[in-house]
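Enquirer: Pasting the sequence and the predicted coordinates here, then a few questions.
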Amino acid sequence: MNIAIISGSARPERQSHQVALEVQQRITILGIENWLWDIKETNLPLLDYTFDVHPNPGDTLKQLKVKLDQTDAFVIVSPEHNGSYPGALKNTMDYFYKEYVHKVFAMVTVSNGVLGGINALKNLQHYALKINGIVSPEFVITPQVQNLFKDGVLTDEKYGHRIDVLLKHFLELAEAVKLIQNK
Ligand SMILES: Cc1cc2nc3c(=O)[nH]c(=O)nc-3n(C[C@H](O)[C@H](O)[C@H](O)COP(=O)(O)O)c2cc1C
């Protein structure tokens, strides 16, 4: 099982990235292979050609293609920006399509308000369905992210537990889907 954690904010002062790192750490502790797809680091230009028809895909896209083909399931960690997930996240993910098909997606959304990114969550679930993903019914919303970490360390273990519960159900679903597909 190989999991991609997508970190969905490209802002220099992004707070959701801490959540993405926390999710990655907890997946690693479970002994599960994983990698972080940080959209800020990938820094893809505004989409012109999707990977499949790109006349000149650079190294970044080619490396992503290899990694995505090896990925079984995704956790998207996304902030809420103006009632949805960031355009930069969609722009990045839209370079690919068939690499997502019939793979499980779980969402963790993040905001500095009290609603925890619920609007981004709903829109992301819709997006994952559109790209032929299988949406995990389990999710985590993250209100008031500014109070969750101190010097990069999670201070709310109840929140950590919610992430662990999400991961348990998500990984069970991802395993089951992989099993069926390998039959
Ligand atoms: C352009 C922009 C729009 C935002 N819109 C919302 C919003 O609609 N709802 C919300 O709860 N928070 C909103 N926020 C605040 C984010 O929830 C906050 O920045 C939080 O730290 C998560 O985003 P980040 O990972 O980019 O920091 C917005 C922030 C930005 C930069």
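Expert: Sure thing, it's come through.
Enquirer: helix, strand or coil for residue 34?
Expert: Three-state call for residue 34 (DSSP: H, G, I helix; E, B strand; the rest coil): strand.
Enquirer: Tell me the backbone dihedrals of the closest residue to it other than its chain neighbours, please.
Expert: With Cβ to Cβ, 6 or more residues apart in numbering as the criterion, residue 34 has its nearest non-adjacent residue at 4.3 Å, and that residue is residue 3. Every C-beta, even on glycine, is put in place using the N, C-alpha and C of the backbone. When quoted as degrees, to the nearest 10, the phi and psi of residue 3 stand at phi -110, psi 130.
Enquirer: in the sheet, who's paired with residue 3?
Expert: Beta bridges link residue 3 to residue 34, residue 73 when assigned by DSSP bridges.
Enquirer: and it, how far is that from residue 155?
Expert: 25 Å (Cβ to Cβ, to the nearest Å).
Enquirer: which one of these two has more residues nearby?
Expert: Per other Cβ atoms under 10 Å, whichever of residue 3 and residue 155 has more neighbours is residue 3, with 25 against 11.
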